[in-house]
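Colleague: pasting the sequence and the predicted model now:
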Amino acid sequence: MCDKYQVVCSRGVVQRTPTLNQLLALACVALLAACATTPSEQAETDPETDLRQAAYDAEADPDVPATVDEDRHIPITEREPDVPEGTPRGTVDVTVRNVFGRELPSRVRLDDAEENRFYREAPEGTLSGEFPEGPYTAYIYVYSDEVPILAHVEEIVVQEGATAQVDVELLEGSHGETPLWAFDQNMNLVLDRVETELGMDREDPSSIPGEPRLEWENRTLSSDAGWYRGELHARSEYGGGTESVGELIERAEGRGLDFLAITDRNTMQSIEDPAYHSDDVVLIPAMEWGTDDRGVALIYGPRTFPHLTHSRIEAQALARLVQVQGGAFVVAHPTFPAAPWQWGLNFANAVEVWLRDWRGVPPLSLEHLDEESREREQGDSGPLVHSVAQAAATGGLSANGQAAVFHNYELQRGLRAGVIGGSMSGGPHIPLGEPATHVYAEELSVEGILEGIRMGRTYISRDPDGPIVRFHADGAQTGQVDVTIGGMIPLGVPTDFEVLVSGARGKKLQVLLDGRPIISKVIEEDNWLTRFTQMPEQYARYQVRIVDIPQERGFGPLEVYALTSPIYAHDVFPVFVDPEEGMQDTWIRIHGAPDLELEEPPEHPEAGHQIQEIDPDWRF
């Protein structure tokens, strides 16, 4: 089936500053959420009454070791290799200029024969420093918009009592307004000239001097397109867990999962483990990247190791690098008090809005955030600027509920990202796949699952068995599926939506428009179908979630059983494309749903149509 819509303009940098109308609208949403919790519900959110808080405050399982190789939680540029006292040293002088003689802010990296890395900053374009004697490969990075781009590679020898000189004269970026990164066509933070000089592949974003390419098995376990379920956040003994890689994979196989990502903190040792193999589960190479102070991301499928950075700008460059290499960059549990998201990136492929029990994690408060994240417009009296702070200011919710609010604020600002969930299981006492992430993929393989995540074709269920949700749109009102979860419909066109739910009888289905419920219906059958029509006039997001009244103590006013990524309404226009030609060369690829055989519910012709509409009184 061909795609039917094409964006009329290219995708640029996401606008981070909301308009006044957006801020007012978002403030109203936050106010409604704060008022939605009754006094009795507020009593339930007292952290002292929740016995699970201590484990979550540590952001670890109770029996997981407290420290694991702390050195890897330090940005690589701030580490200094251990050098025995008395080691002979020599001097290295570096000068970096453009062809007009202007000195350029730079970073110097020296790699010795033992693969130790020495970093020095040269903010004025010059450096004179002492290093242990021996042969080195010198990598010279020049800053462009505060991002270091590799501009020169040279072999040098450091000798005691001598000076090794490295002089760089840079042509790229010297003329006019063309920035340095414009000379990096494959966006891997290396100048094209450098790749050519070293005989590297300029078309391959993973071809980076001094960075080994990560290799893994990309097996296709099924060539069928469809929805697959799995675990996207688990830890082995390499990164905070108690299980070996083999034991973790065996547990995923026993759980009946289709895919598993082992996300150890700041390491990818798992993919080098001899037991990293499965005939039944797709193993997605991954890691948990970041620090508790700034927050963490989940990185899936990188082709070079994602080193920990020290600045937000470099982190954004890393996110882009991961994506051009075919991977996915996901913001992890952005509102967990133990590690709130404070990197402030402009773009990510998804947000982990659901970690462990929906209501089991205490909320984030503004006191957990640093001063920069608490920034306000107009000094101390204006609205909060950053999404994480706006979410933290939304009371009466669990940390997961606040994460959904964070996601909605980011969508309002122009981000197009799906949702994922994970258990962060570090041992058998935390089941895998609770919650489970469902991904629509063209095939069951690493590349297939990653493509589904990047396209936002995801939804989360409480466990691997469901509920099962299918959410589609017919933008042309032809009676056929045009768009599914993650897709896009045009503005100003009547669009028929269809939701099919299995395994949630007695729960409530809610349709969310820009994060707020517009439809709430009781699900009366095990296999239940409902339809509704909308004609959006401005940018909007439609999501589906399944909720119920909580039966156990916890944080927040409702229990969530499933939550989908959005279907977007955007400024697009219908394009009818010859199925033989396709539509691959647009600035933004809007993937319509493949031909799906919708499972028809039992003979209940009025199902979903005689249900009385109720006031949308639920919030995240």
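Modeller: Structure's in. What do you need?

Colleague: from residue 323, how far off is residue 332?
Modeller: 16 Å (CB to CB, to the nearest Å). Placement of C-beta: from N, CA and C, glycine included.

Colleague: looking at these two, which has the bigger crowd around it?
Modeller: Comparing residue 332 with residue 323 by other CB atoms under 10 Å, the one with more neighbours is residue 332, at 27 against 20.

Colleague: surely that one is in contact with residue 295?
Modeller: Yes: counting by CB atoms under 8 Å, residue 332 touches residue 295, with 7.4 Å between them.

Colleague: what is in contact with those two at once?
Modeller: Taking CB atoms under 8 Å, 6 or more residues apart in numbering as the criterion, residue 332 and residue 295 both touch 339, 341.

Colleague: how close does the residue nearest to residue 476 when sequence neighbours are not counted get to residue 456?
Modeller: Distances taken as CB to CB, 6 or more residues apart in numbering place residue 482 nearest to residue 476, at 6.0 Å, with adjacent residues excluded. Distance of residue 482 to residue 456, given as CB to CB: 16 Å.

Colleague: and if you look at residue 466?
Modeller: 20 Å.

Colleague: swap in residue 483?
Modeller: Distance, residue 483 to residue 456, using CB to CB: 11 Å.

Colleague: just the CA trace of stretch 209-218, in CSV.
Modeller: The C-alpha trace of stretch 209-218 is given here as CSV (Å, rounded to 0.1, in the frame of the first residue of the first chain):
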residue,chain,number,x,y,z
PRO,A,209,38.8,7.5,12.4
GLY,A,210,39.9,6.0,15.8
GLU,A,211,36.5,4.6,16.6
PRO,A,212,36.0,0.8,16.0
ARG,A,213,32.8,-0.2,14.2
LEU,A,214,30.5,-2.2,16.4
GLU,A,215,29.5,-5.4,14.8
TRP,A,216,26.6,-7.7,15.7
GLU,A,217,24.4,-10.4,14.1
ASN,A,218,21.4,-9.0,12.2
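
Colleague: quick one: buried residues of it?
Modeller: 211, 214 (16 or more other CB atoms under 10 Å).

Colleague: what residues does it touch?
Modeller: Stretch 209-218 has contacts (CB under 8 Å, 6+ apart) with 109, 111, 137, 139, 150, 153, 190, 194-195, 198, 200, 206-207, 268, 271, 276-277, 283, 285, 302-305, 445-447.

Colleague: quick one, which of those residues are buried?
Modeller: Among those, the ones that count as buried by 16+ other CB under 10 Å are 109, 137, 139, 150, 153, 190, 194-195, 200, 206-207, 268, 271, 276, 283, 285, 302-305, 445-447.

Colleague: can you give me the helices for this protein?
Modeller: Listed in chain order, the helices of the chain (DSSP state H) span 20-35, 39-44, 53-57, 192-197, 245-255, 312-324, 387-392, 399-412, 446-454.

Colleague: who's sitting farthest from the centroid in the chain?
Modeller: residue 161 (49.3 Å; CA atoms, centre = their mean).

Colleague: for residue 466 and residue 456, indicate the residue with more neighbours.
Modeller: Between residue 466 and residue 456, residue 456 has the larger neighbour count (other CB under 10 Å), namely 24 against 18.

Colleague: residues near the nearest residue to residue 387 once chain neighbours are set aside, how many?
Modeller: With sequence-adjacent residues excluded and distances taken as CB to CB, 6+ apart, residue 387 is closest to residue 409, at 3.9 Å. Counted with other CB under 10 Å, residues neighbouring residue 409 total 24.
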